[in-house]
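In: quick one: sequence plus predicted model below, questions after.
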Amino acid sequence: MNNDDLYPQPQRWTEFDKREFPEQRWRIQGLVPVEGFCILAAPSGEKKTWIAMAIAKNVADGTDFLNNAEFKTTPSNVLYVDQEMPQTELQRRGRLLGLNKSSKAIWVLNHGVVNLNETLQVDQLLAFIEENEIGVVIVDTLRAIAGGLDENKAEEVRAFFNQFKELKDKGVSVIFLDHCRKPQQYEGKKPKKEQLFASQDKLASVEVLMMVKSESGSNDIFVYPLKNRSGLERKPFKVCMREDDNTLSLVYDGDIEDDLNKKEEAKDMILEVLGDGGQTTTELIVLAKAQRNIGEKNVREALKELVIDGAITEGRKGRANYYQLGAADQQNNTDRTNELPSDLFGSA
């Protein structure tokens, strides 16, 4: 055996360019690629599991995701690996969503200890995926199955994801549900990539990142696509949970309005800028227009809401209104601590 058999060898571009690959294929059009990894992230209790189980149902059925014709699916068998919920709760949710009526097989791994940082278990899982022609694997959650993975060590994070790289080449989509920290008040309400634990290394390992936000007690879920290596990032959109006669459905409820999105973006920018010191209204309006193309109306509305929320304080500087971070946010801005996720019953 020579070294060519042991190690990957460079290839001339002219030879590589002759290879033919299929056009970009989607498991869910514009959201989940056939060949790729996806992270679906939110703090505990913000309904990311409901979104993931809806993905399982729609893919297994071959029906439009969220009953939206824009989100066409390519049907396949699904494996749902759950290490978060009791079996009774997983079954309850599956029955509400109608998983038992799907045309393709949905497999569930919800018992025993799953450690996908252990080579033997990974090999067994890969063999099961191939044997049963699984097209989508949903892992709930990354932290629960990662076997003590140190998310602060870049090499460990890369090695973990590399274990499953062969699935990409076999046309298997892998969706990892992941906890992230809740936003601090100075960060605004719109989810950000930086709220992922070990965000840089995880982002480098996946094709798609979607972050989910939902208020406690609300039936509305907001989905923010924040990375899409396989295409253009889609606008954020709203999902509504509808329950009727012991059934539950998740349906697309339109894109998040541009004005609302811009106002939230204005809040983010204002809090970020005020972290470096106070600014007048005019200064903030000029910065918002120059840096993010946000109009005056959205800046003024964002300032008003931030003052009401206590995130910033309003004073005077000469004849101009002058804004600074609130006292609590100034402390947060110098002492940022990651918040460990805490499960909320029935709403993950």
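Out: Done, it's in.
In: where does pLDDT dip in the stretch 1-150 of the chain?
Out: Where the stretch 1-150 of the chain drops to pLDDT under 70, the residues are 1-6, 22, 24.
In: go again using 80 as the cut-off
Out: 1-8, 21-24, 103 (pLDDT under 80).
In: next: the stretch 151-300 of the chain.
Out: 184-189, 198-199, 257-261.
In: tell me where it has helices.
Out: Listed in chain order, the helices of the stretch 151-300 of the chain (DSSP state H, counting those that start in this stretch) span 154-162, 165-169, 199-205, 258-274, 281-292, 296-309.
In: off-centre distance for the third one?
Out: Using CA atoms, centre = their mean, to the nearest Å, the distance from the centre of helix 199-205 to the centre of the chain it belongs to is 12 Å.
In: before we move on, what about the longest one?
Out: In this view, helix 258-274 has its centroid 20 Å away from the chain centroid, taken as CA atoms, centre = their mean.
In: list the contacts of Ala144.
Out: With contacts defined as CB atoms under 8 Å, 6 or more residues apart in numbering, Ala144 is in contact with 83-84, 114. C-beta here means a position set from N, CA and C on the backbone, and glycine is covered the same way.
In: for Leu109, see how far away it is.
Out: 12 Å (CB to CB, to the nearest Å).
In: ok so, going back, nearest to Gln124, of the helices of the stretch 151-300 of the chain?
Out: helix 165-169 (14.1 Å; CB to CB).
In: wait, Tyr322 sits on Gly278?
Out: Yes - if you go by CB atoms under 8 Å, Tyr322 and Gly278 touch, sitting 5.6 Å apart.
In: returning to that earlier point: pick the most buried one from the helices of the stretch 151-300 of the chain.
Out: Of the helices of the stretch 151-300 of the chain, the one with the most neighbours on average (mean count of other CB atoms under 10 Å) is helix 258-274, at a mean of 20.
In: excluding chain neighbours, what is closest to Leu31?
Out: In this structure, Leu31 finds its nearest non-sequential neighbour in Phe71, 6.4 Å apart by CB to CB, 6 or more residues apart in numbering.
In: what number of residues lie near that neighbour?
Out: Neighbour count of Phe71, defined by other CB atoms under 10 Å: 21.
In: where's it, which helix or strand?
Out: Counting by DSSP states H and E, there is no helix or strand that carries Phe71.
In: returning to what we had before: neighbour-wise, which of the contacts of Ala144 leads?
Out: Highest count within these by other CB under 10 Å belongs to Gln83, 20 neighbours.
In: so what's the residue nearest to Leu31 up against?
Out: Contacts of Phe71 by CB under 8 Å, 6+ apart are 28-31, 58, 64-65, 252.
In: who touches stretch 246-254?
Out: Contact partners of stretch 246-254, identified using CB under 8 Å, 6+ apart, comprise 50-51, 54, 65-68, 70-71, 93, 96-98, 220-221, 237-242.
In: from those, list the buried ones, please.
Out: Among the contacts of stretch 246-254, those scoring as buried are 50-51, 54, 65-66, 68, 71, 93, 96-97, 221, 237-239, 241 (criterion: 16 or more other CB atoms under 10 Å).
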